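Colleague: predicted model follows, preceded by the sequence.
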Amino acid sequence: MQQPQAQTMASAAGITSGQIQKNRILGSNSKPFAGIVLKKPQQVGALPLHVRGSIASSPRKLFSPKAAAPKSGDGIRIAVLGASGYTGAEIVRFLASHPQFHTKVMTADRKAGEQFGSVFPHLRTLDLPRLVAIKDADFSDVDAVFCSLPHGTTQEIIKSLPRHLKIVDLSAVCSAHTIFTSLIWVRSRLLLRNYCLQDFRLRDINEYAEWYGHSHRAPELQEEAVYGLTELQRDDIRNARLVANPGCYPTSIQLPLVPLVKAKLIKLTNIIIDAKSGVSGAGRGAKEANLYTEIAEGIHAYGITSHRHVPEIEQGLTDAAESKVTISFTPHLMCMTRGMQSTIYVELASGVTPRDLYEHLKSTYEDEEFVKLLHGSSTPHTSHVKGSNYCFMNVYEDRIPGRAIIISVIDNLVKGASGQALQNLNLMMGLPENMGLQYPPLFP
């Protein structure tokens, strides 16, 4: 498919910000840090650009000049592997209103032959191809693939795909609670069964084998895979053929922590993360542990000291610090459908204040559309990002001197999975990275 060089977007206006108050933001005498004054809608060509309560990305970040965009009206043909799961359905939902991506192939082995609307009735009005088994999928008329398979066969499947395809792998965003109920001991470490793998996120195949108890099945692909935390790996993603989409917990944790670690504003020791996820992270499969009576009216921790996202988070923080970082991370399952909150406790570097953390995150993300620092003492709520690609965060001064608390929230199925995957493929195909993602959160 021929793709001429896409035109450069018009520059967006700058962002104004309020005065920063010099008071604490926690406690009875707290006064807020200044937040960010949002841009007014800007005119780009003949179309108004609406920010919708977020920070508009700069054209340099929204548009990828290194990959050619398709001709107007051509469209990019998409295959969705594992379309019958929650993340697959979210991708299909976003693709339905994407002006350039068109769904041509959808696979679901157990639902092969069925109409997608019978699997997900809320999407029955969409004109979509029938579901097929992966072995029957025809990739000859496909340009790019979203892989959202729940099983550890992802590496072998991706290895078998034609080399011309651009691939975003968001497999292994499976079963938060299944992890809790399906643990085994390997090499004196509590590990996951091989159907809950993060297939291409860990660069070190030896570390992969250590955590998962078997060797990597496509090491040659691991060498070319690019980690896809969009706001922090944008330049690498633009030129990638295979992107490993981050996990939900790592997304909510690394977005606030990586900039602070890079800037040496926090100590690398004693990073404590208390994270909570909705039940949709457990996938759609029928499991006794996920029955309403098993999870309702309660909360429980799982994967204590052994969750599969630990090495992924530590890999990102270690890269940022250029030295080994070890974290204390405990996830919890909440009785809610969507949403994820990570509450992060950090020790400040010498001479650093919580206000310095806020200011640095503000300067890092002020040109980003999907990452937003809240104003003053406002608390991020999972219900305020539901159904959207946003990450809301804020910084608070702890009552313990020399410490700060960071709260970060996302929708685990969108920014934690399908939304970020679409953001990445937009970049890979030379399109504005917010294309097809300009949905405000759904509330109530």
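Modeller: Okay, I see it.
Colleague: now Leu333: which helix or strand?
Modeller: Using DSSP states H and E, Leu333 maps to strand 328-334.
Colleague: quick check: next helix or strand after that strand?
Modeller: According to DSSP H and E, the helix or strand after strand 328-334 is strand 340-347.
Colleague: just checking, what packs against that next one?
Modeller: Applying 3 or more C-beta pairs under 8 Å, 6 or more residues apart in numbering; DSSP states H and E, one finds that strand 340-347 contacts helix 248-262, strand 272-277, strand 403-410. C-betas here are computed from N, CA, C, even on glycine.
Colleague: repeat that with 10 Å
Modeller: Applying 3 or more C-beta pairs under 10 Å, 6 or more residues apart in numbering; DSSP states H and E, one finds that strand 340-347 contacts helix 248-262, strand 272-277, strand 328-334, strand 391-397, strand 403-410.
Colleague: now mean pLDDT and mean neighbour count too, for those, in JSON lines please.
Modeller: Listed next are those as JSON lines, based on pLDDT from 0 to 100; neighbours: other C-beta atoms under 10 Å:
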{"stretch": "helix 248-262", "mean pLDDT": "97", "mean neighbour count": "25"}
{"stretch": "strand 272-277", "mean pLDDT": "97", "mean neighbour count": "20"}
{"stretch": "strand 328-334", "mean pLDDT": "95", "mean neighbour count": "19"}
{"stretch": "strand 391-397", "mean pLDDT": "98", "mean neighbour count": "24"}
{"stretch": "strand 403-410", "mean pLDDT": "98", "mean neighbour count": "24"}
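Colleague: so which of these comes closest to Val371?
Modeller: strand 391-397 (4.9 Å; C-beta to C-beta).
Colleague: tell me the SS of Glu368?
Modeller: Judged by DSSP: H, G, I helix; E, B strand; the rest coil, the three-state class of Glu368 is coil.
Colleague: of all the helices and strands packed on strand 340-347, which one is nearest Ser350?
Modeller: Closest to Ser350 of those is strand 403-410 (C-beta to C-beta; 13.2 Å).
Colleague: send the alpha carbons of that closest one over as PDB?
Modeller: Extracted C-alpha coordinates of strand 403-410, given in PDB (Å, rounded to 0.1, in the frame of the first residue of the first chain):
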ATOM      1  CA  ARG A 403       8.000  11.500  51.800                       C
ATOM      2  CA  ALA A 404       5.300  12.100  49.100                       C
ATOM      3  CA  ILE A 405       2.300  10.300  47.900                       C
ATOM      4  CA  ILE A 406       1.300  10.000  44.200                       C
ATOM      5  CA  ILE A 407      -2.100   8.800  43.100                       C
ATOM      6  CA  SER A 408      -2.500   7.700  39.500                       C
ATOM      7  CA  VAL A 409      -5.800   6.400  37.900                       C
ATOM      8  CA  ILE A 410      -6.600   4.900  34.500                       C
END
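Colleague: care to break the protein down by domain?
Modeller: Using automatic domain parsing, the domain parsing of the chain gives 76-173+195-247+416-428, 249-412.
Colleague: returning to what we had before: what's the strand holding Leu333 packed up against?
Modeller: helix 176-181, helix 248-262, strand 272-277, strand 299-301, helix 310-321, strand 340-347.
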